[in-house]
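Peer 1: I would like to see how this sequence folds:
(4 chains)
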There are 2 protein chains.
Amino acid sequence: MTTRRVRARRGEGLLLREEILRAAEDLLAESGTEDALTLRAVALRAGVSTPSVYLHFADKEALVEAVCMRVWHELGRLFSENLEGDPLLALGRCARAYARFALDHPVQYRVLMMRPSTGPDVPPAAAECFRHMVNAVSACVETRVFEGDPEELALGLWSAVHGCVSLLIAQPSFPWPRDREALIDHIVRIAGFGTALYSRLPQALPPSAELAAGLDDFGVRLSRGAGPRGDANQPSP
Amino acid sequence: MTTRRVRARRGEGLLLREEILRAAEDLLAESGTEDALTLRAVALRAGVSTPSVYLHFADKEALVEAVCMRVWHELGRLFSENLEGDPLLALGRCARAYARFALDHPVQYRVLMMRPSTGPDVPPAAAECFRHMVNAVSACVETRVFEGDPEELALGLWSAVHGCVSLLIAQPSFPWPRDREALIDHIVRIAGFGTALYSRLPQALPPSAELAAGLDDFGVRLSRGAGPRGDANQPSP
DNA sequence: ACCTCAGGTTGACATCGTTAACCTGACGGC
DNA sequence: GCCGTCAGGTTAACGATGTCAACCTGAGGT
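Peer 2: Below you'll find the predicted structure:
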């Protein structure tokens, strides 16, 4: 760990890049704070001198960005694993998987999503994540459960889940309910149903009395139509 | 600005605290990045030597926290200005005001909400903000448009708006629609209606086909009941 | 055997937060 | 009016950080 690394053979310089990246990831995960992600600490952990990091990363920001790419790929994998079956249920599974990942890797998620804006263009791995989401939303538009521009709808859904997990991560002192899993569940449902209704609604929020009038009957009708109650994480039977 | 400050008279030491805070706020606002918030820069701007900051703030974190308190107060003022009238419309106005503030002061919002967790307890100014929200939500529960625990519902709404604005701020490279104001509008409506429906819905997301069946009629009924279409920022006539 | 250059290292710099030690001049007491 | 005190600062320095210029070194081709 602190032991001096043996010098790579010719043409194997990329090995060091891999080791540095791993060291950075481990440091983040183990320390639990991005402050521990120091070039000196990373280099020490990789068994190499500090400026050697510059052989493979232009600067610290480039290293952090490389770590982020890994996280984006992980998220992309998570999405692509959950896309089968009913589009709306698939979307729900993706959202829950995303939230779980964020809560299980708070430091990584913070670095990924709460860092000062990196550059003017979205990295390919992130674009692929987003494409997955847009595809899933498009499927929902095709089954007529959503209506509107899939990109815009996907951004809205992403916002909802991101809002919840990022607030959980960054403001743990808020009066959160005990059961985080249940909270995520609520958010996913609110976002899902809100989005389903979104394009069919009056352009302004109606006054309370007029909104309240129509709600109960809708709930009853929807419940009658819905399948057996249970954990929506499970794929639909 | 860079001119040496005249020493405060006895008992007026708190003047410097005020000037340091102002310098910090201005630095944040003008530079557009939290990296510019340096103790040296703050001290220079306040016309004072660097270690003098420590006369009034335990460390840099304390200074940043003091800046955050100001922002919380501003948000609290914004909320309390928008609470009159129909509860649901009031909530919508608060959400829009919150979002506008965040987008107009991205650096401050980032420092306030995306900084590594400060302490185990929520600051009083933030608690008051949250209390305002809970009260507004409670009013919606009393008019039967929402149903459930007001604290939990308020957190959900907060999450939704925070998710959108924080993503806009931190990930400007995402394929956002041009009209930010319209996007916020969508999010507020999705969150509002989703929350209104939340407690009346089946516990799991139903498959698409069964959800799509009930949606259109609900939209039609709700539209018929709602007031004239227009900007929901306006108080209901 | 030697030359080359990929793959590093050493040493230094500016800047950051933070601390210890020192200064100074406005005020109350005499 | 003079003086000691102490609130309200200052100077000088420390260690840590990102970064860079210069140097080294040894495996592999000739």
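
Peer 1: Next, see if the worst-scoring helix or strand of chain A on mean pLDDT gets close to chain B.
Peer 2: Least confident element among the helices and strands of chain A, by mean pLDDT, DSSP states H and E: helix A:208-225 (a mean of 75). Yes - contact of helix A:208-225 with chain B (CB under 8 Å from any CB of the partner chain) involves A:208-216, A:218-223, A:225. (C-beta placed from N, C-alpha, C; glycine too.)

Peer 1: Need the buried ones from those selected in PyMOL.
Peer 2: Taking 16 or more other CB atoms under 10 Å in any protein chain shown as the burial criterion, the selection of buried members of the residues of helix A:208-225 next to chain B in PyMOL is written as:
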select buried, chain A and resi 208+210+211+212+214+215+218+219+222+225
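
Peer 1: and which of the residues of helix A:208-225 next to chain B is nearest to B:Arg93?
Peer 2: Minimum distance to B:Arg93 across those is 13.4 Å, recorded for A:Ser208 (CB to CB).

Peer 1: what does chain A put close to DNA strand D?
Peer 2: Chain A has residues A:7, A:9-10, A:37-41, A:50-51, A:54, A:59-61 near DNA strand D, with proximity defined as CB under 7 Å from any atom of the strand.

Peer 1: If you drop the residues flanking it in sequence, what lies closest to the residue nearest the centre of chain A?
Peer 2: Nearest to the mean C-alpha position of chain A, by CA atoms, centre = their mean, lies A:Tyr98 at 4.5 Å. Once its chain neighbours are removed from consideration, A:Tyr98 has its nearest residue in A:Val161; the separation is 5.8 Å (CB to CB, 6 or more residues apart in numbering or on different chains).

Peer 1: give me the number of residues near the one you found?
Peer 2: 22 (other CB atoms under 10 Å in any protein chain shown).

Peer 1: show me the residues around it that make contact.
Peer 2: Applying CB atoms under 8 Å, 6 or more residues apart in numbering or on different chains, we find A:Val161 in contact with A:Ala95, A:Tyr98, A:Ala99, A:Ile184, A:Ile187, A:Val188, A:Ala191, B:Gly163.

Peer 1: let's see it at 6 Å
Peer 2: Counting by CB atoms under 6 Å, 6 or more residues apart in numbering or on different chains, A:Val161 makes contact with A:Ala95, A:Tyr98, A:Ala99.

Peer 1: Let's see which of those end up in helices.
Peer 2: When DSSP state H is applied, those are split such that A:Ala95, A:Tyr98, A:Ala99 fall in helices.

Peer 1: these two touch, right, the last one and A:Asp185?
Peer 2: Okay, so that is A:Ala99. No - using CB atoms under 6 Å, A:Ala99 and A:Asp185 do not qualify as a contacting pair, with a distance of 9.3 Å.

Peer 1: could you check the angle helix B:208-225 makes with the least confident helix or strand of chain A?
Peer 2: Using axes from the mean of the first three to the mean of the last three CA atoms, to 10 degrees, the interaxial angle of helix A:208-225 with respect to helix B:208-225 works out to 160 degrees.

Peer 1: For DNA strand D, see how far away the closest residue to DNA strand C within chain A is.
Peer 2: Closest approach between chain A and DNA strand C, counting by CB to the nearest atom of the strand: A:Gly13, at 2.6 Å. Between A:Gly13 and DNA strand D the distance is 12 Å, computed by CB to the nearest atom of the strand, to the nearest Å.

Peer 1: Could you report the pLDDT at that residue?
Peer 2: As summarised for this prediction, A:Gly13 has a pLDDT of 73.

Peer 1: need the contact list for it.
Peer 2: Contact partners of A:Gly13, counting by CB under 6 Å, 6+ apart, are absent.

Peer 1: contact partners of the helix or strand hosting A:Ala24?
Peer 2: Element membership for A:Ala24, per DSSP states H and E: helix A:14-31. Here helix A:14-31 makes contact (CB under 6 Å, 6+ apart) with A:8, A:36-37, A:41-42, A:45-46, A:53, A:56, A:63, A:66-67, A:107.

Peer 1: hmm, try it at 7 Å
Peer 2: For helix A:14-31, the surrounding residues in contact (CB atoms under 7 Å, 6 or more residues apart in numbering or on different chains) are A:8, A:34, A:36-37, A:41-42, A:45-46, A:48, A:53, A:55-56, A:63, A:66-67, A:70, A:107-108, A:111.

Peer 1: Which among those residues count as buried?
Peer 2: Applying a neighbour-count criterion of 16+ other CB under 10 Å, the buried members of the contacts of helix A:14-31 are A:34, A:37, A:42, A:45-46, A:48, A:53, A:56, A:63, A:66-67, A:70, A:107-108, A:111.

Peer 1: Which one of the residues you listed is nearest to A:Arg200?
Peer 2: A:Arg200 lies nearest to A:Gln108 out of the buried ones among the contacts of helix A:14-31, by CB to CB, at 37.8 Å.

Peer 1: Let me know the pLDDT of the closest one.
Peer 2: You'll see A:Gln108 listed with a pLDDT of 98.
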